[in-house]
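Participant: 3D model of this:
(chains A and B)
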Amino acid sequence: MLGVSLLSKNVYTNRMLLNLLDKCKSMLELKQLHAMVLSFGLSKDDLFISRILSFSALSNSGDIDYSYKVFSQLSCPRIFFWNTIIRGYSNSKNPNRSISIFIRMLRLGVVPDYLTYPFLVKASARLLKQETGESVHVHIVKTGHGSDIFIQNSLIHMYASCGNIMFARKVFDGMQGRNLVSWNSMLDGFAKCGEMVLAQKLFELMPERDVVSWSSLIDGYVKAGEYREAMVVFDKMLAVGPKANEVTMVSVLCACAHLGALEQGRVMHKYIVDNELRLTLVLQTSLVDMYAKCGAIEEALLVFRSVLKSQTDVLIWNAMIGGLATHGLVKESLKLFEEMQIIGIIPDEITYLCLLTACAHGGLVKEAWYFFDSLSKRGMTPKIEHYACMVDVLARAGQLTTAYQFICEMPIEPTASMLGALLSGCINHRKLDLAEIVGRKLIELEPEHDGRYIGLSNVYAVVKRWDDARSMREAMERRGVKKSPGFSLVEISGFLHRFIAHDKTHPNSEETYSMLNFIVNQMKHGLHQENQESTLYDIIIEDA
DNA sequence: TCAACGTGCG
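Facilitator: Next up is the predicted model:
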């Protein structure tokens, strides 16, 4: 690049400059080339301006605000330049800038073309603002671009992202010709809105399916909490569909994580390696999360440590810190937090939630207060989850009055699960006067929830107020609250087994129950006298 | 002088 700087301005230097601009890799390089363009008096030459604008607006290592500065100096930018800037902002952190530039464009009397609209629709989709999307839609129809397939496809996506599946469907149904992307956008729309029956139906109706179709369906099941169904679809994809890509694997690993299916998770890891899928940071984070949630902390650490320090971000640190925390590896978790700060990763709200979880598991009340306070000191607002975690810390540590006071002074309404944490703290620490107050509040808050009656009934059982305990159960039945059976999942040799209380349908049911009886007997003999009644009560009536 | 620029899955 420096070799040309002394040459006089001629055809050869122009061509070389263009070549260099095409090969540009970083903003630093671009700025140097831009300086040369200016010094050669080429600042009005579209060929050069378009390359400078495009790189800074669209490249991964670009800088959209720099692009905008260059753009603002143009006296009468051609439509291509407007589109480049709008496109750049639609992919940026501020998609609303696309909209404001669009409005300015209209005020100046510049007419958008068929290429302007997909970026504007995308910006509205990313903003999750249906009103904005709708007014863009009005412009599209007014300017006669309503039947452009690219624009229609992005409209489907926009309406679905904003949660309006009806409008998305209206666009889809009104299309004269549909391509694969149209079907995929509609499919993903149903999946995004949790309409899995419709998604499945559409999937079966599709004239063709690619990796995006399969991934959308799988991710829909994952988002709907139907992890087993997600795995079934994935298996089918391996059998009859296209090869999975890294996007597919992120969803599938998420399903394994929720199922606690370690063996299947390992198979997925092997699939990624065998098929040479790109190990993106997102995918590595999913692997860490899967291993951690399945209890394979060593394997989680192995993946985590394989990530280069230069290519890391806060998400993967959160996954690892949180994984250690939930496994009770509290010291390791906090140590990792120190390490993270040393290499300059800025913690976010989730990091603090993980740290508070660690404190809850380790009984670290002082540290929890410290983390809770630093959250606000770093300019973040504690969310309901942070308050809930703090209540959990205090309740587990037996600081029940403080916990109750904390709840009363919070700027947000307490959730039932928060009071639930306080209630079990009260029961465990025999703070039974408070337990009764909290237990009653919980029933008021969630009269349809079976666990809330059981919770208060457990309180009465501890103080041997058997009549009150029974009356709670009767109140539950009187109000027609159904007890929803809790279940456990256990993975053995790659197979998942589901157990429901009193379930005798499992082939190994007999062995399971004899082992359970053995354990219960052992516990009966091993328990301290003072805790005996309530713990037994909890074993028999599942814990709320 | 002209064209360059567009849609869907984490």
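
Participant: mind showing which ranges of chain A have poor pLDDT?
Facilitator: A:1-12, A:483-487, A:489-491, A:493-496, A:499, A:501, A:526-544 (pLDDT under 70).

Participant: Could you find the residue nearest the spatial middle of it?
Facilitator: Taking C-alpha atoms, centre = their mean, the centroid of chain A lies closest to residue A:223, which sits 9.6 Å from it.

Participant: Mind checking what secondary structure the residue nearest to residue A:145 when sequence neighbours are not counted has?
Facilitator: Closest residue to residue A:145 apart from its sequence neighbours, by C-beta to C-beta, 6 or more residues apart in numbering: residue A:114 at 5.2 Å. In this view, the C-beta of every residue, glycine as well, is placed from N, C-alpha and C. Under DSSP: H, G, I helix; E, B strand; the rest coil, residue A:114 falls in the coil class.

Participant: Surely residue A:114 and residue A:151 touch.
Facilitator: Yes: look at residue A:114 against residue A:151 with C-beta atoms under 8 Å: they come within range, at 7.0 Å.

Participant: Quick check: neighbours shared by these two?
Facilitator: residue A:145 (C-beta atoms under 8 Å, 6 or more residues apart in numbering).

Participant: Neighbour count for the two, which is higher?
Facilitator: In terms of neighbours (other C-beta atoms under 10 Å), residue A:151 is the more surrounded of residue A:114 and residue A:151; the figures are 21 against 13.

Participant: The more buried one is in what secondary structure piece?
Facilitator: Per DSSP states H and E: residue A:151 is located in helix A:149-161.

Participant: from the chain's centre, how far out does that helix sit?
Facilitator: Relative to the centre of its chain, helix A:149-161 is centred 22 Å away, using C-alpha atoms, centre = their mean, to the nearest Å.

Participant: Tell me the first helix or strand C-terminal of that helix.
Facilitator: On the C-terminal side of helix A:149-161, the nearest following helix or strand under DSSP H and E is helix A:165-173.

Participant: neighbouring contacts of that next one?
Facilitator: Where contact means C-beta under 8 Å, 6+ apart, the residues beyond helix A:165-173 that reach it are A:130, A:152, A:155-157, A:159-160, A:178, A:182, A:185-186, A:189-190, A:193, A:195.

Participant: can you rerun that using 10 Å?
Facilitator: Applying C-beta atoms under 10 Å, 6 or more residues apart in numbering, the external contacts of helix A:165-173 come out as A:130, A:133-134, A:137, A:146, A:151-162, A:164, A:178, A:182-183, A:185-190, A:192-195, A:198, A:202.

Participant: Return only those of these found close to DNA strand B.
Facilitator: Contacts with DNA strand B within these, counted by C-beta under 7 Å from any atom of the strand: A:151, A:153-154, A:157, A:182, A:185, A:188, A:192.

Participant: coming back round to it: please, a ChimeraX command that selects the buried ones among the contacts of helix A:165-173?
Facilitator: Buried members of these, defined by 16 or more other C-beta atoms under 10 Å, are picked up in ChimeraX with:
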select /A:130,133,134,137,151,152,153,154,155,156,157,158,159,160,161,162,164,178,182,183,185,186,187,188,189,190,192,193,195,198,202
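
Participant: just checking, what packs against the helix holding residue A:151?
Facilitator: In terms of contacts (3 or more C-beta pairs under 10 Å, 6 or more residues apart in numbering; DSSP states H and E), helix A:149-161 is packed against helix A:116-127, helix A:130-142, helix A:165-173, helix A:180-192.

Participant: ok and the second one relative to helix A:149-161, angle-wise?
Facilitator: So that's helix A:130-142. Calculated by axes from the mean of the first three to the mean of the last three C-alpha atoms, to 10 degrees, helix A:130-142 forms an angle of 160 degrees with helix A:149-161.

Participant: The first one too?
Facilitator: For helix A:116-127 against helix A:149-161, the angle by the same axes, to 10 degrees is 10 degrees.

Participant: helices or strands next to helix A:116-127 in the packing?
Facilitator: Under the contact definition 3+ C-beta pairs under 10 Å, 6+ apart, helix A:116-127 sits against helix A:79-90, helix A:96-107, helix A:130-142, helix A:149-161.

Participant: Next up, the contacts around residue A:18.
Facilitator: Going by C-beta under 10 Å, 6+ apart, the list of residues near residue A:18 reads A:33, A:37, A:42, A:45, A:47-48, A:51.

Participant: Could I get the full set of helices for the stretch 351-500 of chain A?
Facilitator: Using DSSP state H, counting those that start in this stretch, the helices of the stretch 351-500 of chain A run over A:365-377, A:384-396, A:400-409, A:416-428, A:432-445, A:450-462, A:466-478.

Participant: gap between the fourth one and the chain center?
Facilitator: Read it as helix A:416-428. Centroid separation for helix A:416-428 versus its chain: 27 Å, with C-alpha atoms, centre = their mean.

Participant: And the third one, by the same measure?
Facilitator: With C-alpha atoms, centre = their mean as the basis, helix A:400-409 stands 31 Å off its chain's centre.

Participant: mind listing what's buried in that helix?
Facilitator: A:400, A:403-404, A:406-407.

Participant: With stretch A:450-466 instead?
Facilitator: Neighbour-count burial for stretch A:450-466 flags A:450-463, A:465 (criterion: 16+ other C-beta under 10 Å).

Participant: The residue nearest to residue A:508 when sequence neighbours are not counted and residue A:503: what is the separation?
Facilitator: Distances taken as C-beta to C-beta, 6+ apart place residue A:497 nearest to residue A:508, at 7.9 Å, with adjacent residues excluded. For residue A:497, the distance to residue A:503 equals 10 Å [C-beta to C-beta, to the nearest Å].

Participant: Pull the number of nearby residues for residue A:36.
Facilitator: 21.

Participant: next one: residue A:225
Facilitator: When neighbours are counted by other C-beta under 10 Å, residue A:225 registers 12.

Participant: what helix or strand is it on?
Facilitator: Following DSSP H and E, there is no helix or strand that holds residue A:225.
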